[in-house]
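K.L.:
Provide a 3D model corresponding to the input given below.
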Amino acid sequence: MIQPPPAPLRLRIDPQALAGNWRALDAKSGAARAGAAVKADGYGLGAMHVVPVLRDAGVQDFFVAHWCEVPALLAHLPPGQIAVLHGPVTAEDAAYALGTGVRPVINSVQQARLWLGAGGGLCDLMVDTGMNRLGLPPSQLNEPDIARLQVHTLHSHLASADEDSAQNREQLALFRQVAGARSAGRRALANSAGIALGADYAFDLTRPGIALYGGTPRGELADEIRQVAFPQARILQVRQLDAGDRVGYNGVFTAPGPMRVATVALGYADGYLRAWGGRGVLHAGTDRLPLLGRVSMDMVVADLSAAPHLGPGDWLDVPYTLHDAAQASGLSQYELLTLLGPRLERFVAG
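P.N.:
Reported below is the predicted structural model:
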């Protein structure tokens, strides 16, 4: 079979930055050990790429959301290092957990019954302390089926750790009460932002996610977290515009005079959303190339005034320092990563 040529979009993953981010978060976790949230296909970077790097850096606890995410991790990890946050919703989920040895995170009495009915064993337990999403209400801790669980790790999740919110202390106090009322091998509360809140929130295990991949949900992390993901896109065509020429759908940009522009292989199908229209830039080395007009499904148009030497086939950098890109686009740092589409050819290189 004839192999296709390389994709016109690529995403370089820096393994040294990824491993270094985990080490920094592990150090900030104090006596606790940092795990790694690798759900959503490694926050959009590709679990097959990030899991081996994190494993080799020293991570021993990995978290995904869905059971369908487990096979990609089992290719690199023993099952006892994997936990599924959404727990068993069906009997098939519980049977799969037992068959693979992957731990379910129990979120309700119903899930506890499913797990126990399938044979049970070690599991994690998520208690809701104010998020009102998944998780067992503290009032149900004494339910007989919850009391029968063999809890490996007792979890809760902070709702407002990225803000200086009174809710953080409220959740911390409630989690301490829960941890005192329910025996478990370990306790875990802090996500990436929670780690930055200090040692009180660390307990025995932390669950960083976005900060592993270059995100800074709190300012305290800004000096320690490095960029991990570096998108690039190729120029497809270069053209000369005359004064009055309009660019893209609905002609929202009109050339004020003669301009040399590039059509670039990047669009909202790749996770580069229309929010970037009129505010995004691409880079050619240190040269800034502003985007012109709207973002299309597969293309953007960039002003080549600062780099007139460029032509079809040349690569441009997509600025993706997550804090700055979030401010520029209006998207969250989480969206910026997890929206990156499958057409970007992912590869690990320092």
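K.L.:
list the contacts for residue 161?
P.N.:
Neighbouring residues of residue 161 by CB atoms under 8 Å, 6 or more residues apart in numbering: 168, 190-194, 196-197, 201, 217-218. To be clear about C-beta, it is placed using only N, CA and C from the backbone, and glycine gets the same treatment.
K.L.:
list the ones among those that fall in helices.
P.N.:
Counting by DSSP state H, the contacts of residue 161 place 168, 192-194, 196 in helices.
K.L.:
which of the contacts of residue 161 lies closest to residue 44?
P.N.:
Of all the contacts of residue 161, the one with the least separation from residue 44 (CB to CB) is residue 192, at 15.3 Å.
K.L.:
okay, now that closest one: neighbour count?
P.N.:
A count of nearby residues for residue 192, using other CB atoms under 10 Å, gives 29.
K.L.:
residue contacts, it?
P.N.:
25, 161, 208-212, 215, 217, 221.
K.L.:
any chance of a markdown table for the residues you listed, columns secondary structure and pLDDT?
P.N.:
What follows is the contacts of residue 192, written out as a markdown table (DSSP: H, G, I helix; E, B strand; the rest coil; pLDDT from 0 to 100):
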| residue | secondary structure | pLDDT |
| --- | --- | --- |
| 25 | helix | 98 |
| 161 | coil | 98 |
| 208 | coil | 98 |
| 209 | coil | 98 |
| 210 | helix | 98 |
| 211 | helix | 98 |
| 212 | helix | 98 |
| 215 | coil | 98 |
| 217 | coil | 97 |
| 221 | helix | 97 |
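K.L.:
residue ranges of the helices in the stretch 1-150 of the chain, please?
P.N.:
Counting by DSSP state H, counting those that start in this stretch, one finds helices in the stretch 1-150 of the chain at the ranges 15-28, 39-43, 47-57, 70-74, 91-100, 109-118, 144-147.
K.L.:
okay, buried residues for the third one please.
P.N.:
Using 16 or more other CB atoms under 10 Å as the burial criterion, the residues of helix 47-57 that qualify are 47, 49-51, 53-55, 57.
K.L.:
got these as JSON lines, with pLDDT columns?
P.N.:
Formatted as JSON lines, the entries for those read as follows, by pLDDT from 0 to 100:
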{"residue": "47", "pLDDT": "98"}
{"residue": "49", "pLDDT": "98"}
{"residue": "50", "pLDDT": "98"}
{"residue": "51", "pLDDT": "98"}
{"residue": "53", "pLDDT": "98"}
{"residue": "54", "pLDDT": "98"}
{"residue": "55", "pLDDT": "98"}
{"residue": "57", "pLDDT": "98"}
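K.L.:
of those, closest to residue 175?
P.N.:
Nearest to residue 175, judged by CB to CB, of the buried residues of helix 47-57 is residue 54 at 25.6 Å.
K.L.:
re the thing from before, pick out the most distant pair among the ones in helices among the contacts of residue 161.
P.N.:
168 and 192 (13.7 Å).
K.L.:
which one of the buried residues of helix 47-57 sits closest to residue 84?
P.N.:
Nearest to residue 84 among the buried residues of helix 47-57: residue 47, at 13.4 Å, using CB to CB.
K.L.:
and that closest one, how far from residue 332?
P.N.:
Counting by CB to CB, to the nearest Å, the gap between residue 47 and residue 332 amounts to 21 Å.
K.L.:
over to residue 221?
P.N.:
Plainly put, residue 221 is 16 Å away from residue 332 if you go by CB to CB.
K.L.:
more crowded one of these two?
P.N.:
Higher neighbour count among residue 221 and residue 332: residue 221, with 22 against 16, using other CB under 10 Å.
K.L.:
re earlier: out of the ones in helices among the contacts of residue 161, flag the one nearest to residue 179.
P.N.:
The nearest member of the ones in helices among the contacts of residue 161 to residue 179, counting by CB to CB, is residue 194 at 14.9 Å.
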